[in-house]
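Participant: Build me a model:
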Amino acid sequence: MSENNEETTRIYTGPMMIAQGLRARLNDLGIEPIIKDDHQSGITSGFAIGVPGQVRVFIRKDELIRAEETINEYLKEIGE
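Facilitator: Predicted coordinates for the structure are as follows:
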């Protein structure tokens, strides 16, 4: 799935460490987010794109309502 897919929505962009914490919270709800690291993918492919250390987190749009409170609470807790 890509972010252009109408079935997913981006919920966070930032450091991998914070994205991993967000993933853990969402996993507790039974939601498996998609984490995209364009910079690392670019290095692997032989060309660097994106910002080092910055990833994007996506979930399915039909999971957003269920996840929204958890996302907001987590980001508030960590000061994002």
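Participant: By mean pLDDT, flag the weakest helix or strand of this protein.
Facilitator: The weakest-scoring helix or strand in the chain, judged by mean pLDDT, DSSP states H and E, is helix 38-45 (a mean of 55).
Participant: what comes up buried for the helix or strand that it is followed by?
Facilitator: Of the helices and strands lying after helix 38-45 in sequence (DSSP states H and E), the nearest is strand 54-60. For strand 54-60, the neighbour count (16 or more other Cβ atoms under 10 Å) marks 55-60 as buried. The C-beta positions use only the backbone N, C-alpha and C, and glycine is treated the same way.
Participant: Which member of those residues is positioned nearest Tyr74?
Facilitator: Set against Tyr74, the nearest of those by Cβ to Cβ is Val57 (11.0 Å).
Participant: got the contact list for stretch 59-75?
Facilitator: Stretch 59-75 is contacted by residues 6-9, 11-12, 21-22, 25-26, 28-29, 31, 33-34 when judged by Cβ atoms under 8 Å, 6 or more residues apart in numbering.
Participant: Of those residues, just the buried ones, PyMOL syntax please.
Facilitator: Here is the PyMOL command that picks out the buried ones among these, judged by 16+ other Cβ under 10 Å:
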select buried, resi 8+9+11+12+22+25+26+31+33+34
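Participant: Grab the two from the contacts of stretch 59-75 that are most spread out in space.
Facilitator: For the contacts of stretch 59-75, the farthest-apart pair by Cβ to Cβ is Glu6 and Gly21; their separation is 27.4 Å.
Participant: sorry, back to before: which of the contacts of stretch 59-75 fall in strands?
Facilitator: Assignment to strands by DSSP state E places the following of those there: 8-9, 11-12, 34.
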